[in-house]
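[1] coords below, sequence missing:
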Ligand code: CA
């Protein structure tokens, strides 16, 4: 669905009418904001989310707030988003918290924790388990206010030029994998590189890297990764979900009228839901196309490989806890929340999923 149609649909559904009613008393002066994403210009759903967000805010403020959206590389390099928004040369940014692990080792925890929570559970942690408060605390020293603006849902384990039959096959493997997943891959002997989405295909196709994980079937297909490697592994142990962030420069944020702040928050919430549900709808058909039209081999990681990755994950998180008190606080918060929901998850959604095997 084109984003214009989405805005139309939301307007038709009356979602924006409430917003519009609140905007009548605003002064006439236009507020122009710049938003830079880390995505490539044509990345569906992800870049569309940024455009949809700008459209919603514009419509809901009666054109008062006009957000100009730039994809990665259009105004600044993809990985320049955090610094540019932090310094205020750009007002808003969209990307993943795990791109900024170089700023603080705790940041990737706000994107996903390997072998951890799924999208619904992660969102619940943000909202109910203290996640949002910790995230705001983490970004505050960088003059940033973070919000969730999407989630990809569970990802795939990535594209490998050669099959992975044992842990030995990971040794020395050059792989693009960000976040804690990358730290874990390093621990088991892989050679990890961090690349923005826009550069993944070329690196894999040219053989600069031997493997790459990006997102799920739909986004991976769009990037053309099936043309560069044929072994497509699951599950995405490294990203049981992947939280996408909207970051606002704190000075810009505090200069906005509370009504506009409320509209921005509501628009981000609405787009976050849209993003996750679009991914859910697109991944199944894309997986089928990859298998039937592109001869992709969809493979389950061997149990002993998963076991070693899991052990490395536990050991990485333990080291992180010992190294960084704030990261320790975040990990404890995630674990407490996970412990509080696990018993219920086992007899609710997981039990329903198991019904397919009966
Ligand atoms: Ca990924």
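    The structure has been received and is ready for your questions. The structure presented is a predicted model; accordingly, all values stated were derived computationally and were not measured. Numbering: from 1, shown residues only.

[2] what does this structure put close to the ion?
    Contact residues (C-beta under 5 Å from the ion) of the chain with the ion: 155, 213, 239. Glycine gets a C-beta too; all of them are placed from N, C-alpha and C.

[3] buried subset of those?
    155, 213, 239 (16 or more other C-beta atoms under 10 Å).

[4] element containing residue 240?
    Using DSSP states H and E, residue 240 is not contained in any helix or strand.

[5] also residue 125?
    Assigned by DSSP H and E, residue 125 falls within helix 119-128.

[6] centre of the chain to the next helix or strand after that helix, how far?
    Going down the chain from helix 119-128, the next helix or strand is helix 131-139, by DSSP H and E. Remark: helix 131-139 is offset 16 Å from the chain centroid, using C-alpha atoms, centre = their mean, to the nearest Å.

[7] return the set of buried residues in helix 131-139.
    For helix 131-139, by 16+ other C-beta under 10 Å, it's 131, 132, 134, 135, 138, 139.

[8] can I get the buried ones among the residues of the chain next to the ion in TSV including pLDDT?
    Compiled in TSV, those are given as follows (pLDDT from 0 to 100):
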residue	pLDDT
155	98
213	96
239	97
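
[9] for burial, what's the neighbour tally of the residue of the stretch 251-358 of the chain found nearest the ion?
    Across the stretch 251-358 of the chain, no residue is closer to the ion than residue 279, which sits at 11.9 Å (C-beta to the ion). A count of nearby residues for residue 279, using other C-beta atoms under 10 Å, gives 26.

[10] just the helices in this protein please.
    In the chain, the helices defined using DSSP state H lie at 3-12, 15-22, 46-60, 81-87, 119-128, 131-139, 179-187, 197-206, 217-223, 250-255, 258-293, 303-323, 325-347, 349-354.

[11] for those, which has the smallest mean pLDDT value?
    Lowest mean pLDDT within the helices of the chain: helix 15-22, at a mean of 51.

[12] returning to what we had before: the helix holding residue 125 packs against which elements?
    Helices and strands touching helix 119-128, as assessed by 3 or more C-beta pairs under 8 Å, 6 or more residues apart in numbering; DSSP states H and E, comprise helix 131-139, strand 144-151, strand 243-249, helix 325-347.

[13] of those, flag the one that's most buried.
    Highest mean neighbour count of these: strand 243-249, a mean of 26 (counted as mean count of other C-beta atoms under 10 Å).

[14] that one - which strands sit beside it in the sheet, and in what orientation?
    Within its sheet, strand 243-249 is paired with strand 92-95 (antiparallel), strand 144-151 (antiparallel), according to DSSP bridges.

[15] the longest one to helix 258-293, inter-axis angle?
    Direction vectors for strand 144-151 and helix 258-293, defined by axes from the mean of the first three to the mean of the last three C-alpha atoms, to 10 degrees, enclose an angle of 40 degrees.

[16] wait, the residue of the stretch 251-358 of the chain closest to the ion sits on residue 218?
    Yes: between residue 279 and residue 218 there is a contact at 6.7 Å, judged by C-beta atoms under 8 Å.

[17] shared neighbours, these two?
    Common contacts of residue 279 and residue 218 (C-beta atoms under 8 Å, 6 or more residues apart in numbering): residue 45.

[18] ok, the nearest residue to residue 41 once chain neighbours are set aside to residue 213 distance?
    Setting aside the residues directly before and after it, residue 41 is nearest to residue 71 in space (C-beta to C-beta, 6 or more residues apart in numbering), at 3.8 Å. Per C-beta to C-beta, to the nearest Å, residue 71 is found 21 Å from residue 213.

[19] next: residue 52.
    Using C-beta to C-beta, we find residue 52 at a distance of 26 Å from residue 213.

[20] also residue 119?
    Taking C-beta to C-beta, one finds residue 119 at 17 Å from residue 213.

[21] ok, now residue 265?
    31 Å.

[22] repeat for residue 50
    According to C-beta to C-beta, residue 50 and residue 213 sit 22 Å apart.

[23] give me the phi and psi for residue 348.
    When read as degrees, to the nearest 10, the backbone of residue 348 gives phi -110, psi -90.

[24] pLDDT at it, what is it?
    On pLDDT, residue 348 comes in at 96.

[25] tell me, how many residues neighbour it?
    The burial count for residue 348: 11, using other C-beta under 10 Å.

[26] ok, now the one 4 residues further on?
    Close neighbours of residue 352, defined as other C-beta under 10 Å, add up to 9.

[27] do residue 97 as well
    Neighbourhood size, residue 97 [other C-beta under 10 Å]: 27.

[28] one step back: need the helices and strands packed on helix 119-128 in TSV with distance to residue 188, can you?
    Formatted as TSV, those follow (distance: least, C-beta to C-beta, whole Å):
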stretch	distance to residue 188
helix 131-139	27
strand 144-151	27
strand 243-249	25
helix 325-347	20
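
[29] which one of these lies nearest to residue 112?
    Judged by C-beta to C-beta, the one of these that comes nearest to residue 112 is strand 243-249, at 6.5 Å.

[30] picking up where we left off before, contact partners of the helix holding residue 125?
    Residues contacting helix 119-128 (C-beta under 8 Å, 6+ apart): 112, 116-117, 131-132, 135, 148, 151-154, 240-241, 243, 272, 276, 333-334, 337-338, 341, 345.
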